[in-house]
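Student: okay, here's the prediction I keep looking at, along with the sequence it came from:
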Amino acid sequence: MKRVTGMAGLVLALVAGTVALGAQPSTAAPGAASAAGTTLAAPNIDINNVKAHLQQLQTIATNNNGNRATGTGGYTQSAAYVRQKLEAAGYTVTMQTCTSCSGSAQNVIADWPGGNTSSTYMFGGHLDGVSAGPGINDDGSGSTALLEVALALAAANPTMTNHLRFGWWTGEEQGLVGSKHYVNSLSAAQKTAIKAYGTFDMIASTNAGYFATGTDAVAVKVREYFTSINVPTETSTECCSDDGSFRGAGIPSSLMSTGAGRTKTAAQVTKWGGTAGAAYDPCYHRSCDSYPSNVNTTSLDRYADSIAYAVWALTVGSATSDFAMSLSPTSGSVNPGSSVTATLSTSTTSGSAQTVNLGASGAPAGVTASLSPSSVTSGNSSTLTIATTTAATPGTYTITVTGTGTGATHSVTYALTVNGGPGCTGAGQKLGNPGFEDATATPWTASTGVVRAGTTAQPAHGGTKLALLGGKGTTNTTTASQSVAVPAGCSTYTLSFWLHIDSTETTTTVQYDKLTVKVGSTTLATYSNLNKATGYTQKTFNLASYAGQTVTITFTGTEDASLVTNFVVDDTALTVS
């Protein structure tokens with residue numbers, strides 16, 4: 001795993017994976033192959049075989065100055081070992097030279113024949129280590145677990161529904177260079193064909209945590225496996241590994257790990273055992289990262305079986321197609337008479353993409369919930385729109401969105417709050433001194449001279465007074481503002497004012513002088529010398545989103561160093577009904 005100094009890198013928000021049919025957890029016996037060579041159950045990966053691969057990597061490191069770093073003989077021999085095993089098992093192996101790596105080295109890419117190549121699931125880990133040591137946990141553990149799963153699949157020789165590809169990366173410790181080189185070599189169609197990529201980096205830490213970080217189909221299946229053996233997982237905040245190269249290219253990806261140099265918390269010890277306050281891997285990037293002393297056999301066995309579980313569930317023939325759904329956001333509030341939206345996202349978690357028919361239930365009287373489109377292919381999204389009438393009763397409600405596919409049904413919920421008490425108790429015009437007729441300007445807070453009597457050149461719209469912003473012909477800023485409480489529970493909230501602009505500026509393209517209208521820190525509109533016109537024009541804005549809040553309405557006029565622009569505001573109102 002690549003070391004990152006300073007603050008931790010990417011923290012990924014997880015969407016809880018829905019339970020789907022597919023391969024059995026490792027406690028089950030290996031599935032029996034049918035006459036057609038199809039198996040539904042993933043085999044229990046033999047941990048002794050994984051350990052034998054680790055011993056080979058340790059021997060290679062010992063014979064090459066104690067490490068397997070990119071550009072060294074230790075790495076070259078590691079890649080050759082993996083290649084030989086895969087080709088002997090029947091994989092199509094590509095040795096891709098990383099031209100951007102420091103030192104000559106190759107990625108090892110292995111494709112198993114069969115399956116829909118436009119629906120490819122990819123599993124990987126980095127084969128290189130740091131120069132300080134043999135790199136057994138980091139990442140010999142992920143590399144050898146992946147190798148043994150690949151060999152187990154070849155031995156079972158199942159019928160494939162989706163295409164399976166493995167990758168062993170060089171240059172990870174140099175900054176994810178090898179995996180970036182691979183991803184950059186792909187065409188747009190080849191990237192689209194990869195439906196999910198999961199990387200397994202450090203899965204044998206001696207003070208192990210169990211981390212599955214991501215929302216792609218691989219992470220969903222890995223978490224599903226760990227749930228089946230009653231081992232909870234968390235999202236890791238440690239960064240970074242080769243999943244980042246795929247994510248950066250728009251390919252759904254995830255990182256599975258038992259932790260690197262950060263320390264295990266007391267809460268994690270309660271959950272998983274181990275030592276609080278100690279690093280997950282005390283030999284991270286050190287010479288003591290060796291076999292067998294720095295290998296947690298239990299976590300290595302569990303993660304190897306989770307890889308097999310995910311591989312069989314996502315790629316092997318007769319696996320049930322399934323999907324997952326999520327909403328963003330999962331809650332929201334709305335004023336009666338208004339609406340709110342959320343994005344419903346779907347993903348294919350196993351098998352092939354399928355049509356998902358969508359519906360919503362649980363809306364109370366005066367509230368409707370609809371989805372557009374009402375049917376999607378898994379992997380696509382829909383917009384949930386919740387609309388209310390003025391008669392909607394305030395309160396909190398649960399809206400349930402249900403997706404029905406060809407062989408599975410899943411639901412997600414949205415917590416809806418309808419604002420306000422019974423009826424609209426705060427109707428009326430809410431601004432004080434709306435026409436600026438009070439000479440003190442109260443409750444407006446205004447720059448000196450802004451509130452003034454109208455003149456023949458600058459007449460008031462109504463009454464005798466107005467607010468004039470600008471009007472000096474020199475560099476200046478003038479303001480008029482008022483704080484106002486906006487009641488909740490009403491259906492309309494309209495801010496209005498009458499505006500007249502005249503200017504001695506002659507340009508038709510440059511905004512030298514401006515009037516900005518804001519609610520709080522949000523700019524509603526900006527006008528300039530380009531908007532000069534004869535007479536007043538009424539401006540209106542919907543402030544429904546501010547119901548139940550106290551906000552400040554501000555008019556700000558700015559002028560440059562020459563020529564005059566008068567921004568005349570009169571007869572303001574905040575009308576609530």
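Tutor: Structure received. This is a predicted model, so every value here is computed, not measured.
Student: longest helix of this structure?
Tutor: If you go by DSSP state H, the chain has its longest helix at helix 297-315.
Student: can you name the next helix or strand after that helix?
Tutor: For helix 297-315, the following helix or strand on the C-terminal side (DSSP states H and E) is strand 322-328.
Student: what's the average pLDDT for stretch 483-493?
Tutor: Mean per-residue pLDDT for stretch 483-493: 86.
Student: kindly apply the preceding question to stretch 350-359 instead.
Tutor: Stretch 350-359 comes out with an average pLDDT of 86.
Student: and for stretch 274-294?
Tutor: 97.
Student: name the helix or strand for S333, please.
Tutor: strand 331-334.
Student: quick one: buried residues of whichever helix or strand comes after that strand?
Tutor: Where DSSP H and E defines the elements, the next helix or strand beyond strand 331-334 is strand 339-350. By 16 or more other Cβ atoms under 10 Å, the buried positions in strand 339-350 come out as 340, 342, 344-350. Backbone N, C-alpha and C define where each C-beta goes, glycine included.
Student: do stretch 80-96 as well
Tutor: 81-83, 85-86, 89, 91, 93, 96.
Student: from these, which two are the most distant?
Tutor: A89 and Q96 (19.3 Å; Cβ to Cβ).
Student: just the strands in the stretch 401-550 of the chain please.
Tutor: 409-418, 428-429, 445-446, 451-453, 465-470, 476-485, 493-503, 514-519, 522-528, 537-542, 550-559 (DSSP state E, counting those that start in this stretch).
Student: can you check the stretch 51-200 of the chain too?
Tutor: 92-97, 106-112, 116-126, 162-169, 194-200.
Student: any idea which of those is most buried?
Tutor: Mean neighbour count, computed with mean count of other Cβ atoms under 10 Å, is highest for strand 194-200 among those, reaching a mean of 28.
Student: who does that one pair up with?
Tutor: Take DSSP bridges as the rule and strand 194-200 pairs in its sheet with strand 116-126 (parallel), strand 253-257 (parallel).
Student: separation between the residue of the chain most remote from its centre and K465?
Tutor: Distance from the C-alpha centroid of the chain, by Cα atoms, centre = their mean, peaks at T456 (59.4 Å). Distance of T456 to K465, given as Cβ to Cβ, to the nearest Å: 15 Å.
Student: any weak-confidence spans in the stretch 201-350 of the chain?
Tutor: Residue ranges of the stretch 201-350 of the chain with pLDDT under 70: 317-320.
Student: switch the cut-off to 90
Tutor: 237-240, 317-323, 330-338, 348-350 (pLDDT under 90).
Student: helix, strand, or coil at T398?
Tutor: strand (DSSP: H, G, I helix; E, B strand; the rest coil).
Student: any idea how far K465 lies from V450?
Tutor: According to Cβ to Cβ, K465 and V450 sit 11 Å apart.
Student: so for those two, which sits in the more crowded spot?
Tutor: V450 (22 against 19; other Cβ atoms under 10 Å).
Student: and the more buried one, what does it touch?
Tutor: 441, 467-469, 478-480 (Cβ atoms under 8 Å, 6 or more residues apart in numbering).
Student: where does pLDDT dip in the stretch 51-200 of the chain?
Tutor: Residue ranges of the stretch 51-200 of the chain with pLDDT under 90: 102-104, 156, 158-159.
Student: nearest to Y284, out of the strands of the stretch 51-200 of the chain?
Tutor: That would be strand 116-126 among these, by Cβ to Cβ, at 14.1 Å.
Student: and the angle for the closest one with strand 339-350?
Tutor: Following axes from the mean of the first three to the mean of the last three Cα atoms, to 10 degrees, one obtains 90 degrees for the angle between strand 116-126 and strand 339-350.
Student: could you give the number of residues near Q511?
Tutor: So Q511, with other Cβ under 10 Å, has 16 neighbours.
Student: phi, psi of it?
Tutor: Taking degrees, to the nearest 10, you get phi -90, psi 90 for the backbone angles of Q511.
Student: okay, buried residues for stretch 474-483 please.
Tutor: Neighbour counts over stretch 474-483 (16+ other Cβ under 10 Å) mark 476, 478-480, 482 as buried.
Student: turn those into CSV, including distance to C283.
Tutor: Formatted as CSV, the buried residues of stretch 474-483 follow (distance: Cβ to Cβ, whole Å):
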residue, distance to C283
N476, 67
T478, 67
T479, 63
A480, 67
Q482, 65
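Student: just those now: which is nearest R286?
Tutor: Distances from R286 to the buried residues of stretch 474-483, taken by Cβ to Cβ, are shortest for T479, at 61.9 Å.
Student: next one: that closest one from K514, what distance?
Tutor: 12 Å.
Student: common neighbours of those two, please.
Tutor: By Cβ under 8 Å, 6+ apart, T479 and K514 have these common neighbours: G557.
Student: follow-up on the earlier one: could you give the angle of the longest helix of the chain to strand 194-200?
Tutor: Using the same axes, to 10 degrees, helix 297-315 lies at 170 degrees relative to strand 194-200.
Student: show me what helix 297-315 is packed up against.
Tutor: With contacts defined as 3 or more Cβ pairs under 8 Å, 6 or more residues apart in numbering; DSSP states H and E, the packing partners of helix 297-315 are helix 47-62, strand 116-126, helix 142-156, strand 162-169, strand 194-200, helix 217-228, strand 339-350.
Student: same for the third one, what does it pack against?
Tutor: By that I understand helix 142-156. Helices and strands touching helix 142-156, by 3+ Cβ pairs under 8 Å, 6+ apart, are helix 47-62, helix 73-89, strand 106-112, strand 116-126, strand 162-169, strand 194-200, helix 297-315.
Student: returning to what we had before: in the longest helix of the chain, what's buried?
Tutor: Applying a neighbour-count criterion of 16+ other Cβ under 10 Å, one finds 299-315 buried in helix 297-315.
Student: can I get that helix in PDB? Just the C-alpha atoms.
Tutor: Output of helix 297-315 as PDB, limited to C-alpha atoms (Å, rounded to 0.1, in the frame of the first residue of the first chain):
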ATOM      1  CA  THR A 297      -3.300 -16.500   8.800                       C
ATOM      2  CA  THR A 298      -6.900 -16.000  10.000                       C
ATOM      3  CA  SER A 299      -7.500 -12.700   8.100                       C
ATOM      4  CA  LEU A 300      -5.600 -14.000   5.100                       C
ATOM      5  CA  ASP A 301      -7.900 -17.100   5.000                       C
ATOM      6  CA  ARG A 302     -11.000 -15.000   5.400                       C
ATOM      7  CA  TYR A 303     -10.100 -12.500   2.700                       C
ATOM      8  CA  ALA A 304      -9.100 -15.300   0.200                       C
ATOM      9  CA  ASP A 305     -12.500 -16.900   0.700                       C
ATOM     10  CA  SER A 306     -14.200 -13.500   0.300                       C
ATOM     11  CA  ILE A 307     -12.400 -13.000  -3.100                       C
ATOM     12  CA  ALA A 308     -13.700 -16.400  -4.200                       C
ATOM     13  CA  TYR A 309     -17.200 -15.600  -3.000                       C
ATOM     14  CA  ALA A 310     -17.200 -12.400  -5.000                       C
ATOM     15  CA  VAL A 311     -15.600 -14.000  -8.100                       C
ATOM     16  CA  TRP A 312     -18.200 -16.800  -8.200                       C
ATOM     17  CA  ALA A 313     -21.100 -14.500  -7.500                       C
ATOM     18  CA  LEU A 314     -20.200 -12.000 -10.100                       C
ATOM     19  CA  THR A 315     -18.900 -14.100 -13.000                       C
END
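Student: picking up where we left off before, got the buried residues of strand 339-350 as a markdown table, with distance to Y197 columns?
Tutor: Output for these, formatted as a markdown table (distance: Cβ to Cβ, whole Å):
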| residue | distance to Y197 |
| --- | --- |
| V340 | 35 |
| A342 | 28 |
| L344 | 24 |
| S345 | 18 |
| T346 | 19 |
| S347 | 13 |
| T348 | 14 |
| T349 | 14 |
| S350 | 15 |
